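Q: Just need the structure, nothing else, for what follows:
(one chain, ligands or ions: 2)
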Amino acid sequence: MMRLPEFTYLAPRTLGDAAKALAEHGADAMVVAGGTDLYPNMKRRQFEPKVLVGLRGIRELRGVRGSAPEGLTIGAGTTLSAVAAHPEVGARYPALAAAAGLVSSPQLRNMGTLGGNVCVDTRCNYYNQSFEWRKAVGFCMKKDGDICLVAPGSPRCWAVSSSDTAPVLWSLGATVRLVAATGERTVPVSGLYRDDGIAYLAKQRDEILADVTLPPADGWKSAYLKLRRRGSFDFPVLGVAVALRLRGGRVGGARIVLGAVASTPRPAESAAAALAGERLTPEVIARVADLAAGPSKPLDNTDFTHPYRKKMTRVLVARALRSLAGPGAGGGAVEEVA
Ligand SMILES: Cc1cc2nc3c(=O)[nH]c(=O)nc-3n(C[C@H](O)[C@H](O)[C@H](O)COP(=O)(O)OP(=O)(O)OC[C@H]3O[C@@H](n4cnc5c(N)ncnc54)[C@H](O)[C@@H]3O)c2cc1C
Ligand code: SF4
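A: Ligands and ions are numbered 1, 2, ... in the order given. All right, here's what the predicted structure looks like:
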């Protein structure tokens, strides 16, 4: 049995106190929300914080405020189950409800939070292993070593962004509020990630993600499709998030963002641009799906072969677009199990 290393757990009651504690303990401290990813990682010695700043007791981080016409703000501490079940999220931002509802298993969605999902660690077959396994094979640069076992000779880590909600929030044009002891700032989700398997967040260590704001739904429809081996439990090895607005049957705006094909969610910009002004005919959908597969560049470091994951990008983008083509359609939970 893998055991947790020793650490001190702090339980602040306000966001301000949490930010102060994080600043005070510097590099020794990490934030923990639901703990569904961090605790297993600590058991595998991927993280060894001396201090954990727990967010579960902070009431101001929980709940959903606002309305779809004016925009919704979701506290980072809101559980994935609550996000998935929220009536306005389900009706007006269905891709987000779908993505939150497809994370892992019911138990983990009851504990896991939206903020933790947005900040969740990147993954790799050579990294998400026990300490003994990693030691036997040889440590890699993401933890304890200095080379990449997937791409030896590479100066960087290629671990995979594996959050279900991150590509969806990016496609919806969401922003996040980051709070530190010294102040706060708001950044678009598209600016929160870096294409680096180790330093994958463009956020300072002492910043706490306080909430996520969705812009007014304003006629936008959305869909999220996920590829994974098992019908429950598994991380995505491909996620496809599509948001678009139809005006008189033609596309008035679109965003397509791919998950789990790089160390960051990756926008398929030329594919989205090719939708502008078009009707969602089978020919347009096929052309756009082909374009969307271009930026999908998975490596051989997760489940399924990388050529298959690239091929499935085209398939899932086409399915997502078809699900949004009908009148009143709002892409809900569609899941792909191979
Ligand atoms: C078996 C298993 C299956 C899983 N399947 C999936 C899956 O299918 N899809 C998926 O997306 N995830 C999956 N996960 C990962 C995880 O359960 C989810 O991503 C979950 O949403 C993480 O939320 P949490 O609140 O538990 O985060 P925690 O584990 O508490 O934290 C995760 C990371 O985020 C940081 N963090 C948390 N909250 C904040 C905040 N407010 N501000 C700044 N940093 C913060 C922590 O420091 C830590 O680095 C799985 C995990 C397991 C163990
Ligand atoms: S991509 Fe390379 S450096 Fe990164 S976790 Fe995998 S083996 Fe390690």
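
Q: show me what contacts the residue of the stretch 151-300 of the chain found nearest ligand 2?
A: Nearest residue of the stretch 151-300 of the chain to ligand 2, counting by C-beta to the nearest ligand atom: Cys157, 3.2 Å away. (C-beta placed from N, C-alpha, C; glycine too.) Going by C-beta atoms under 8 Å, 6 or more residues apart in numbering, Cys157 touches 122, 124, 140-142, 148, 196-198, 263.

Q: Repeat that for Asp218.
A: With C-beta under 8 Å, 6+ apart, Asp218 has these contacts: 69, 245.

Q: just to revisit the earlier point, from the contacts of Cys157, pick the one nearest ligand 1.
A: Checking these against ligand 1 by C-beta to the nearest ligand atom gives Thr122 as the nearest, at 10.5 Å.

Q: before we move on, the earlier item: per-residue confidence, the residue of the stretch 151-300 of the chain closest to ligand 2, what does it come out as?
A: Cys157 carries a pLDDT value of 98.

Q: circling back: looking at neighbours, which among the contacts of Cys157 is most surrounded?
A: Compared across the contacts of Cys157, Gly197 has the highest neighbour count, 27 neighbours, by other C-beta atoms under 10 Å.

Q: any idea how far that one is from Leu238?
A: 17 Å (C-beta to C-beta, to the nearest Å).

Q: so for stretch 285-303, what's the average pLDDT?
A: Rounded to a whole number, the mean pLDDT of stretch 285-303 is 94.

Q: and that stretch, which residues are buried?
A: 285, 287-289, 291-293, 295-296, 298-299, 301-303 (16 or more other C-beta atoms under 10 Å).

Q: can you tell me which of the residues you listed are in helices?
A: Within the buried residues of stretch 285-303, residues falling in helices by DSSP state H are 285, 287-289, 291-293.

Q: Is it possible to get JSON lines of those that adds distance to ligand 1?
A: Formatted as JSON lines, these follow (distance: C-beta to the nearest ligand atom, whole Å):
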{"residue": "Ile285", "distance to ligand 1": "27"}
{"residue": "Arg287", "distance to ligand 1": "30"}
{"residue": "Val288", "distance to ligand 1": "26"}
{"residue": "Ala289", "distance to ligand 1": "24"}
{"residue": "Leu291", "distance to ligand 1": "26"}
{"residue": "Ala292", "distance to ligand 1": "21"}
{"residue": "Ala293", "distance to ligand 1": "22"}
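
Q: for those residues, which one is nearest Asn110?
A: If you rank these by distance to Asn110 using C-beta to C-beta, Ala292 comes first, at 33.4 Å.

Q: Could you double-check that the closest one lies in contact with Ala268?
A: Yes. Contact criterion C-beta atoms under 8 Å: Ala292 and Ala268 qualify, at 4.0 Å.

Q: Mutual contacts of these two, please.
A: Jointly contacting Ala292 and Ala268 under the rule C-beta under 8 Å, 6+ apart are 256, 258, 317.

Q: Give me the buried entries from these.
A: In the shared contacts of Ala292 and Ala268, burial by neighbour count holds for 256, 258, 317, counting by 16+ other C-beta under 10 Å.

Q: Which members of these are positioned in helices?
A: Applying DSSP H to these, the entries found in helices are Val317.

Q: can you tell if stretch 213-225 touches ligand 1?
A: No. Under the criterion of C-beta under 6 Å from any ligand atom, stretch 213-225 makes no contact with ligand 1; the nearest approach is 11.3 Å.

Q: tell me which residues in that stretch are buried?
A: So stretch 213-225, judged by 16+ other C-beta under 10 Å, has buried residues 213-214, 217, 220-225.

Q: Give the rounded mean pLDDT of it.
A: Here the average pLDDT along stretch 213-225 is 96.

Q: ends of that stretch, how far apart?
A: From its first residue to its last, stretch 213-225 covers 22 Å (C-alpha to C-alpha, to the nearest Å).

Q: Need the phi and psi values for Arg266.
A: Backbone torsions for Arg266, taken as degrees, to the nearest 10, come to phi -120, psi 120.

Q: ok, it touching Arg255?
A: No. Counting by C-beta under 8 Å, Arg266 stays clear of Arg255, with 11.9 Å between them.

Q: Write out the residues of the stretch 51-200 of the chain neighbouring ligand 2.
A: 124, 126-127, 140-142, 148-150, 157-159, 197.

Q: Looking at those, which are in helices?
A: Among those, no member is found in helices (DSSP H).

Q: what's the farthest-apart pair in these?
A: The two members of these with the most space between them (C-beta to C-beta) are Leu149 and Gly197, at 11.8 Å.
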